[in-house]
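Asker: Predicted model and sequence below, questions to follow.
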Amino acid sequence: MRPVIVLVTALVTVLAAGLAGCGSEPDEGSTQVDTDEQREQVVSGLREISETIAPQGEVSDLFGKWTVCGGPPDAGVEYRASGRLVPSADPGASVQAAAQALVAQGWTVTEEGTDPQPWANLERDGVTASLRINAYRSDEVTFAVAGDCVELGEGGTKGWDYSRERLDG
C-alpha cells in the first residue's frame, strides 16, 4: 500500500508541475500599475509613429482599447492602439519609408515583406508595432501598437472596460 501512495504523490506532483507551465502567456505578478504603464507605453509608441509618418500624408483615427489575452484561469489584458495614414504618395512606398524612419528612431524591424503588399512588424521598449496597407482601402496605411499580455490574477477580466477610446482628440 505504501508504494501506491508514493506513486500517486509523485504523479500528482508531476501533473501539478506540468500544469503550472501551461497558460503562461500573461506576465506574472502584474498589478494595476503594470496596466497603467503598459497603456502609457502603447499610446506613446502610437503617437511617436503618427508624428513620424505625418509628413507622408494625413494621419487620423487614433484609437486604443483593452483586449482579452491569455486564457483561464489566468486571463489577462493587453492594450492595443491603432491609426491610419492617407499618404500623398504610393501607400507601399509609405510603409517602407515609415519603417526606415522608425528604425532610425530606435525601433527594430522583426519581420517585413511585400506579399501581397509591403508590410513591416517592429518592436521597441516592450511594445510591438505593425505597418500595413489597409485590407479594405488600398489607398490607406494602417499602423498599430500593442503591449504584452498582463495577468490580472483573481477575478480575471471581469469588470474591465473594453470600450474604444479616441487618442487623437
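Answerer: Structure's in. What do you need? Numbering: from 1, shown residues only.
Asker: what residue lies at the spatial centre of the chain?
Answerer: residue 146 (2.3 Å; CA atoms, centre = their mean).
Asker: beta partners for it?
Answerer: Residue 146 has these beta-bridge partners by DSSP bridges: residue 80, residue 128.
Asker: 54 is where my numbering starts, stick with that
Answerer: Understood, numbering begins at 54; the last thing we discussed is residue 199.
Asker: That one is in contact with residue 95, isn't it?
Answerer: Yes - using CB atoms under 8 Å as the test, residue 199 is close enough to residue 95 to be in contact (6.6 Å). C-beta here means a position set from N, CA and C on the backbone, and glycine is covered the same way.
Asker: any idea how far the closest residue to residue 216 other than its chain neighbours lies from residue 92?
Answerer: The shortest distance from residue 216 to any non-neighbouring residue, by CB to CB, 6 or more residues apart in numbering, is to residue 118 (6.5 Å). Using CB to CB, to the nearest Å, residue 118 is found at 10 Å from residue 92.
Asker: Going along the chain, name the helices of this structure.
Answerer: 55-73, 85-106, 144-157 (DSSP state H).
Asker: Contacts for the longest one, please.
Answerer: Contact partners of helix 85-106, identified using CB atoms under 8 Å, 6 or more residues apart in numbering, comprise 80, 112, 115, 117, 119, 130-136, 138, 147, 150-151, 154-155, 158, 177-180, 182, 194, 196-201, 203, 220-221.
Asker: What residues of that helix count as buried?
Answerer: 87-88, 90-92, 94-96, 98-103, 105-106 (16 or more other CB atoms under 10 Å).
Asker: Distance from the chain centre to that helix, please.
Answerer: 11 Å (CA atoms, centre = their mean, to the nearest Å).
Asker: got any ranges where this protein has weak pLDDT?
Answerer: Along the chain, the model assigns pLDDT under 70 to residues 54-86, 126-127, 222.
Asker: Now for residue 187, how many residues are close by?
Answerer: Residue 187 has 15 neighbouring residues, counting by other CB atoms under 10 Å.
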